[in-house]
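Q: Turn this into a structure:
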Amino acid sequence: MNRTRPITLLICALGGEGGGVLTEWLVDTARRAGYAAQSTSIPGVAQRTGATTYYVEVFPVPLAELQGRRPVFSLSPVPGALDALISSELLETARQIGNGMSTAARTLVISSSSRTLTTAERMQPGDGRADAERLLDVVKAFSREHHVFDMGAAAREAGTIVSAVMLGAIAGSGLFPFPRDAYERVVRGGDTRAPEKLDKMAAASLRGFAKAFDTVAMPRAQAAMVTSLLATTASDAPVSRALPADVARIFPPPVHDLLTLGHARVLDYQDANYAALYVDRLRQVLDAERTADPAGANGFAVTREMARWLALWMAFDDIVRVAELKSRASRARRVRDEVKAGDDDIVKVYDHFKPGAPEFAALLPASLAQRVTAWDRRRKTPWALPLKVGSHSVFGMVSLRVLASLRWLRQRGSRFAEEQALIGRWLDAVVKGTRSDWCLGHEIALCGRLIKGYGSTNERGKRNLLHVIDHLATAPLPDGSPAARANAIAAAREAALADDAGTALDAALLRHGAPARPVPVQPIRWMKRPPGAATPTR
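A: Model prediction:
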């Protein structure tokens, strides 16, 4: 510790995370311990579109030893001159490092591994998330010492806000010359009673403080955790014991992690027979991949991708699924935790629904469903039933549970049959493509990423996938070799994920000798004409 200059700390917090409270705690701790301290804040835009930063300087010599002299503090951080940087969000940490705030020779970096997605990340039709592994590499490269752990999870477990966790991390790092009890006295607000006799907020803050302190104060354990975060890949995920033994014996170990998640999702969505259908479909892909790659040199990547995307497609969202998820006890507990409700607090939750004719027709047999949708198309405006359901009330919860109990009706509905037929077409293309060329089958399997969302987004994804399969996987092309088809499918898929409007996809299709997508025919909705307006024509 350099005793001739202040210890500098930059705090980065998102909106509503208590960064100001953390700063006050630190300054109060320093002054109570007999040290000079100063803080400033730089407000940013609220929530995830920005962050508020707080700058703290503490002179490391007690005032009693300065013989009446006063240190001179700076009002703002200087890039490259920070002793420590703490942040509640991984991308925000990397952003501050990108601004030059952290240096490998000087700066201690403490960061949460959790992510709050930016607006730009959410806007991407595909997976727009920044690569967490690369962000962690940045933290590691530009810090003399780093501590990365999930501050959000620690705060939730303790029932407090993340600022208390950040305070514990700072205390555990030994950045400032204050003992642990000095920090805890400030959190207590001067209350010296036992933790069980403190008020709920103070007791929760102490729990969060202790969790973070213990995590950062054990450098070997922390170093092992960071190493595992940097080295772990999806293929290293542990196998859940929920995977049936007979199913586990069929598939090779590299597939078990995603197969476990997919099997559990499909089983929870419908029943054991539906889960067996999932396994049977996946086994077809495995057989084809073993034919194309007998040694498994590619890690059974085709089967792994199908295990992921097939489960997501088979567990498509409908009104039964939505009602089931909203009526679960775990959801009620999560809502209470999010609003930090106590045992005696009353929480009222209202869910808003607006199902239309297609949602109801989905549960009807094909003949009836066609009549309902045809009637809806003939209307001047689409029919919808706006509902406001209080899931905290007996009537609201009973309504949701009754709707959720219609799971048995799902398999008899028109949409279920349509979805299974579309899944069959995709599955058949993957199996045939894999048998002819491993890379081709892998690219077709990855096209499962196009199926996402609900409503028009989901329908558009399915149209795009089927168009790619029909015109790039099997139809004649100028270069019909398997490698050329695989490259064309990969380019079309990435174009579809990058451009929600479909312009890039059409360009990619034409570039590889396939026709552009047909423009979907939209039903004409007759509007009421103002006086004197011309008669509309089709």
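Q: Following the chain past the helix or strand of the chain with the lowest mean pLDDT, name the next helix or strand.
A: The weakest-scoring helix or strand in the chain, judged by mean pLDDT, DSSP states H and E, is helix 219-231 (a mean of 46). Counting by DSSP states H and E, the next helix or strand C-terminal to helix 219-231 is helix 245-250.
Q: what does stretch 307-316 contact?
A: Here stretch 307-316 makes contact (Cβ atoms under 8 Å, 6 or more residues apart in numbering) with 255, 258-259, 261-263, 265-266, 268-270, 274, 277-278, 281-282, 321, 415, 419, 423, 426-427, 445-446, 448-449, 451-452, 458. The C-beta positions use only the backbone N, C-alpha and C, and glycine is treated the same way.
Q: Could I get the buried residue list for that stretch?
A: Across stretch 307-316, burial judged by 16 or more other Cβ atoms under 10 Å covers Ala307, Arg308, Trp309, Leu310, Ala311, Leu312, Trp313, Met314, Ala315, Phe316.
Q: Counting only helices, which of those residues make the cut?
A: Ala307, Arg308, Trp309, Leu310, Ala311, Leu312, Trp313, Met314 (DSSP state H).
Q: Okay, the residue of the chain positioned farthest from its centre and Gly100: tell me how far apart.
A: Counting by Cα atoms, centre = their mean, the extreme residue of the chain relative to its mean C-alpha position is Gln67, 54.4 Å from that point. Distance, Gln67 to Gly100, by Cβ to Cβ, to the nearest Å: 37 Å.
Q: cool, Gly502 as well?
A: Gly502 is 41 Å from Gly100, by Cβ to Cβ.
Q: quick one, which of the two is more surrounded?
A: Set Gly502 next to Gly100 and count neighbours by other Cβ atoms under 10 Å: Gly502 wins out with 19 against 13.
Q: Please report phi then psi for that one.
A: phi 90, psi 0 (degrees, to the nearest 10).
Q: what's near enough to touch it?
A: Arg460, Asn464, Ala496, Arg517.
Q: what pLDDT does it get?
A: With respect to pLDDT, Gly502 scores 83.
Q: Could you do Trp25 as well?
A: pLDDT at Trp25 comes out at 93.
Q: just Arg538 next, same as before
A: Model confidence at Arg538 (pLDDT) stands at 39.
Q: next one: Val279
A: 95.
Q: quick one, what contacts it?
A: Shown in contact with Val279 (Cβ under 8 Å, 6+ apart): Val247, Ile250, His263.
Q: Now the helix or strand encompassing Asn464 - C-alpha only, PDB.
A: When elements are assigned from DSSP H and E, Asn464 belongs to helix 456-468. Taking C-alpha atoms only, helix 456-468 is exported to PDB below (Å, rounded to 0.1, in the frame of the first residue of the first chain):
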ATOM      1  CA  SER A 456     -46.200 -14.000 -36.200                       C
ATOM      2  CA  THR A 457     -42.600 -14.300 -35.200                       C
ATOM      3  CA  ASN A 458     -43.000 -18.100 -34.700                       C
ATOM      4  CA  GLU A 459     -44.900 -18.500 -38.000                       C
ATOM      5  CA  ARG A 460     -42.300 -16.500 -39.900                       C
ATOM      6  CA  GLY A 461     -39.500 -18.600 -38.500                       C
ATOM      7  CA  LYS A 462     -41.200 -21.800 -39.600                       C
ATOM      8  CA  ARG A 463     -41.800 -20.500 -43.100                       C
ATOM      9  CA  ASN A 464     -38.100 -19.500 -43.300                       C
ATOM     10  CA  LEU A 465     -36.900 -22.900 -42.100                       C
ATOM     11  CA  LEU A 466     -39.100 -24.900 -44.500                       C
ATOM     12  CA  HIS A 467     -38.100 -22.600 -47.400                       C
ATOM     13  CA  VAL A 468     -34.400 -23.100 -46.700                       C
END
